[in-house]
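Undergrad: Sequence first, then the predicted structure, then my questions.
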Protein chains: 2
Amino acid sequence: MAKIERDESENYIYSLRGKVFYRIQNDILNGVYKPGESLTEKKLSEDLGVSRTPIREAIMQLELEGLVKSVPNKGAVVKEITAKDIKEIYTIRMMIEGLAARWAADNITSEELDELKEAVDFEEFYTIKNDPEHLMKFDSKFHEILFKASKSDPLMHLLKTFHHYVHRARIGSFKSPIRAREALKEHRAILDAIINKDAKMAEELAIEHIRNAASAYSHNKV
Amino acid sequence: MAKIERDESENYIYSLRGKVFYRIQNDILNGVYKPGESLTEKKLSEDLGVSRTPIREAIMQLELEGLVKSVPNKGAVVKEITAKDIKEIYTIRMMIEGLAARWAADNITSEELDELKEAVDFEEFYTIKNDPEHLMKFDSKFHEILFKASKSDPLMHLLKTFHHYVHRARIGSFKSPIRAREALKEHRAILDAIINKDAKMAEELAIEHIRNAASAYSHNKV
DNA sequence: TTAAGTATAATTGTATACAATTATACTTAC
DNA sequence: GTAAGTATAATTGTATACAATTATACTTAA
């Protein structure tokens, strides 16, 4: 009989701690808990109906990922993300994504390449349909596959701890249909470079892609 | 009366959790706990004479930093770091340190500049004395000041979660007096670029500095 | 009215108790 | 002797109890 297996790498999402972590993270990202607000363990445990233990552990994780800052006897204070932060995040992302694309070109498997093609096809579909929500999902998928295909543990670890920063900086950058079409073109170009095993080109295109995303973002804000 | 203040940013080091974390981290880095070995909460709590609670929290932190991997009912397994990992770590470090130097050139304060000069002077002293241990300390200090001076929260966060990787990859690269003298020269060059507020040059020199460190490391290994 | 001091409440840090899951060792049937 | 099944032990996950620290509110004196 086929054994039902969990994804071991993300095993903790089935625990209370994991659920609590994702819940609080989402509530912060969606503005339920606002920057400067302090979250005490007691309040959270009452809000979510669990004991303090999983709350404590989730808060620790949130702090290590930089979403909150624990201050003694005050609770976990939700960190603010400034325009300066976002600019820097995009700069850092250029390098990380550039490396991912470069190493992916060298190490991608044919299965992953198929996944990548599929993700871009879906992206095209939802770009035409002008559906920002699904678009964001497959944009994320494109980048995720790239990281997986890079086969670099240190790089993947780096991205993991940086992930929420990326997420925060990216919200709202999919509303413009013009930018969506450009992003699609850029993804196709990166895909082609990877198909041709042109690592240098893939890196340059990925860097340019993030640079354009950053510029679209800041333009959006004005 | 002058109030005795703790360094708030590192407040947790005074807690049991913090002490436990540093203890286990060091024991892993120094090979007391070897790759593949699994550390159970019970064993650790008996070894260190504290309850499971701070142990659990320290293990969580170790996992988020990538030193161990928790597997259910097996304990925290110490991760191995491969030669491939180290090569990739150096590549990633080139970019991170490059950014730090670039932004430091733009944002450094005169106090920080003084600290940086002092660190390099100490480095020179211990290079001449051929004292690898102190040398490593002030090499670390040089890079720490650079990050602080960059004034970038996202970058500092990135380094924090990447720190142990750097540490692991760097062990033993200070034994060669030849490389020590080169490293000193490179640090002086970076310092000069920062004094001259030449951000581009500082970045290039920092990247080159890490590239040389990587090459010295791999040469050492052969 | 304000400042200082004190009692109380709130909050976190640590230890421990209990439950649920999983591994291990042993027994038994073939 | 081996495989299957079962009982036991080990391990983690969660809840709770207690201690220590810190904030807060209140009282009192000037």
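TA: On my side now, so go ahead.

Undergrad: who's in contact with the helix-or-strand element of chain A with minimal mean pLDDT?
TA: Least confident helix or strand, chain A: helix A:153-170 with a mean of 82, by mean pLDDT, DSSP states H and E. For helix A:153-170, contacts defined as CB atoms under 8 Å, 6 or more residues apart in numbering or on different chains pick out A:25, A:29, A:64-67, A:81, A:85-86, A:89-90, A:92-93, A:96, A:99-100, A:103, A:136, A:147-148, A:150, A:213, A:217, B:64, B:66, B:85, B:88-89, B:92, B:154, B:157-158, B:161-162, B:165. Backbone N, C-alpha and C define where each C-beta goes, glycine included.

Undergrad: how about it as CSV, C-alpha atoms only?
TA: The C-alpha trace of helix A:153-170 is given here as CSV (Å, rounded to 0.1, in the frame of the first residue of the first chain):
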residue,chain,number,x,y,z
ASP,A,153,21.8,24.9,-0.2
PRO,A,154,23.4,28.2,1.0
LEU,A,155,21.6,30.2,-1.6
MET,A,156,18.2,28.5,-0.7
HIS,A,157,18.8,29.1,2.9
LEU,A,158,19.6,32.8,2.2
LEU,A,159,16.4,33.2,0.3
LYS,A,160,14.3,31.5,3.0
THR,A,161,15.4,34.0,5.6
PHE,A,162,14.9,36.8,3.1
HIS,A,163,11.6,35.7,1.8
HIS,A,164,9.2,37.8,3.8
TYR,A,165,11.2,40.9,2.9
VAL,A,166,10.7,40.1,-0.8
HIS,A,167,7.1,39.4,-0.2
ARG,A,168,6.6,42.7,1.6
ALA,A,169,8.4,44.6,-1.1
ARG,A,170,6.4,42.9,-3.9
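
Undergrad: buried sites along that helix?
TA: A:153-159, A:161-162, A:164-166, A:168-170 (16 or more other CB atoms under 10 Å in any protein chain shown).

Undergrad: do stretch A:29-39 as well
TA: For stretch A:29-39, burial by neighbour count (16+ other CB under 10 Å) applies to A:Y33, A:S38, A:L39.

Undergrad: try stretch A:14-32
TA: Of the residues in stretch A:14-32, A:L16, A:R17, A:G18, A:K19, A:V20, A:F21, A:I24, A:Q25, A:D27, A:I28 count as buried by neighbour count, 16+ other CB under 10 Å.

Undergrad: Counting only helices, which of the contacts of helix A:153-170 make the cut?
TA: Counted as lying in helices by DSSP state H, out of the contacts of helix A:153-170, are A:25, A:29, A:64, A:85-86, A:89-90, A:92-93, A:96, A:99-100, A:103, A:136, A:147-148, A:150, A:213, A:217, B:64, B:85, B:88-89, B:92, B:154, B:157-158, B:161-162, B:165.

Undergrad: And chain A, what are its domain boundaries?
TA: With automatic domain parsing as the criterion, the domains of chain A are listed as A:8-78, A:83-221.

Undergrad: hey, which of the ones you listed is tucked in deepest?
TA: For the domains of chain A, average neighbour numbers computed from mean count of other CB atoms under 10 Å in any protein chain shown are highest in domain A:83-221, which has a mean of 18.

Undergrad: now chain A, which segments are flagged as low pLDDT?
TA: Along chain A, segments meeting pLDDT under 70 span A:1-13, A:171-173, A:220-222.

Undergrad: Name the residues of it found near DNA strand C, please.
TA: Counting by CB under 7 Å from any atom of the strand, chain A comes close to DNA strand C at A:40-43, A:52-53, A:56, A:70, A:72-76.

Undergrad: among those, which are in reach of DNA strand D?
TA: Subset of the residues of chain A next to DNA strand C in contact with DNA strand D: A:R52, A:T53, A:P72, A:N73, A:K74, counting by CB under 7 Å from any atom of the strand.

Undergrad: Sitting in helices, which of the residues you listed do you find?
TA: Among these, the ones falling in helices (DSSP H) are A:R52, A:T53.

Undergrad: what's the farthest-apart pair in the ones next to DNA strand D among the residues of chain A next to DNA strand C?
TA: Based on CB to CB, the longest span within these runs between A:T53 and A:K74 and measures 20.0 Å.

Undergrad: And the helix or strand harbouring A:V20, what does it pack against?
TA: Per DSSP states H and E, A:V20 falls inside helix A:16-29. If you count contacts as 3 or more CB pairs under 8 Å, 6 or more residues apart in numbering or on different chains; DSSP states H and E, helix A:16-29 packs onto helix A:41-48, helix A:52-64, helix A:153-170.

Undergrad: right, and the ones you listed - which one's nearest B:F125?
TA: Of all the helices and strands packed on helix A:16-29, helix A:153-170 sits nearest to B:F125, with 33.3 Å by CB to CB.

Undergrad: Which element is encountered next along the chain beyond that closest one?
TA: Assigned by DSSP H and E, the successor of helix A:153-170 is helix A:177-195.

Undergrad: Could you list the contact residues of chain A toward chain B?
TA: Contact residues (CB under 8 Å from any CB of the partner chain) of chain A with chain B: A:8, A:11-12, A:56-57, A:60-61, A:64-66, A:70-72, A:85, A:88-89, A:91-92, A:95-96, A:99, A:103, A:152-155, A:157-158, A:161-162, A:165.

Undergrad: quick revisit: now the domains of chain A as CSV including distance to B:D192?
TA: Shown next, in CSV, are these (distance: least, CB to CB, whole Å):
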stretch, distance to B:D192
domain A:8-78, 33
domain A:83-221, 24
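
Undergrad: Go through those and name the closest to B:L116.
TA: Closest to B:L116 of these, according to CB to CB: domain A:83-221, at 21.0 Å.

Undergrad: Quick check: residues of chain A near DNA strand D?
TA: Residues of chain A lying near DNA strand D (CB under 7 Å from any atom of the strand): A:Y12, A:S15, A:L16, A:R17, A:V50, A:S51, A:R52, A:T53, A:P54, A:P72, A:N73, A:K74.

Undergrad: For A:R179, which non-adjacent residue is closest in space?
TA: Distances taken as CB to CB, 6 or more residues apart in numbering or on different chains put A:A216 closest to A:R179, at 4.5 Å, once the chain neighbours are dropped.
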